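J.: build the 3D model from these lines:
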Amino acid sequence: MQIPLQITFRNLKRSPAVEAEVREHAERLDKFYDRIMSCRVVIEERHKHHQQGNHFHVSLDVTVPGGELVASREPDEHHRYTDVHVAIRDAFDAMRRQLEDYVRKRDGRVKTHAPPP
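T.: Next up is the predicted model:
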């Protein structure tokens, strides 16, 4: 990455373990596609629920040549991210899929469909 990784914590204390995990995932993205210019990660604790646990929202903003990719994992009613590590993993997995699509499009390896007759 040309610009150092930016990690922001909102409504929760900075955790060295969580920060190390984010850095590890970001390094994997950088190895997958070495032309990433910047990566910003926001980890936010939504509402504090005493019975249902805390819900985490993780968003990634990656700048690549010619574009910007955004992926996030937000708690919803079916799959609540009560574990910050699961939310981070899923957000980075979503970003990796977006990067794969970006690389395919950039290299011209996208399947095209025949126009309707």
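J.: count of neighbours near the closest residue to Arg106 other than its chain neighbours?
T.: Take Arg106 and drop its neighbours on the chain: the residue closest to it by Cβ to Cβ, 6 or more residues apart in numbering is Gly66, 7.6 Å away. (Glycine included, C-beta is placed from N, CA and C.) Taking other Cβ atoms under 10 Å as the criterion, the count of residues near Gly66 is 9.
J.: before we move on, what about the one 3 residues further on?
T.: By the other Cβ under 10 Å criterion, the neighbourhood of Leu69 contains 18 residues.
J.: same deal with the one 3 residues further on?
T.: Ser72 sits with 16 neighbouring residues when counted by other Cβ under 10 Å.
J.: quick check, His85 in contact with Ala20.
T.: No - applying Cβ atoms under 8 Å as the test, His85 and Ala20 come out as separate, 11.2 Å apart.
J.: now do the helix or strand containing Ala71: distance to the chain's middle.
T.: In this assignment (DSSP states H and E), Ala71 forms part of strand 67-73. Counting by Cα atoms, centre = their mean, to the nearest Å, strand 67-73 is centred 7 Å from the centre of its parent chain.
J.: one more: stretch 84-102?
T.: Offset of stretch 84-102 from its chain centre (Cα atoms, centre = their mean): 5 Å.
J.: what residues sit buried inside stretch 3-20?
T.: Leu5, Ile7, Phe9, Val18 (16 or more other Cβ atoms under 10 Å).
J.: ok, residues contacting it?
T.: 22-23, 26, 37-46, 54, 63, 84-85, 88 (Cβ atoms under 8 Å, 6 or more residues apart in numbering).
J.: if we use 6 Å, what do you get?
T.: For stretch 3-20, contacts defined as Cβ atoms under 6 Å, 6 or more residues apart in numbering pick out Val22, Ala26, Ser38, Cys39, Arg40, Val41, Val42, Ile43, Glu44, Glu45, Val84.
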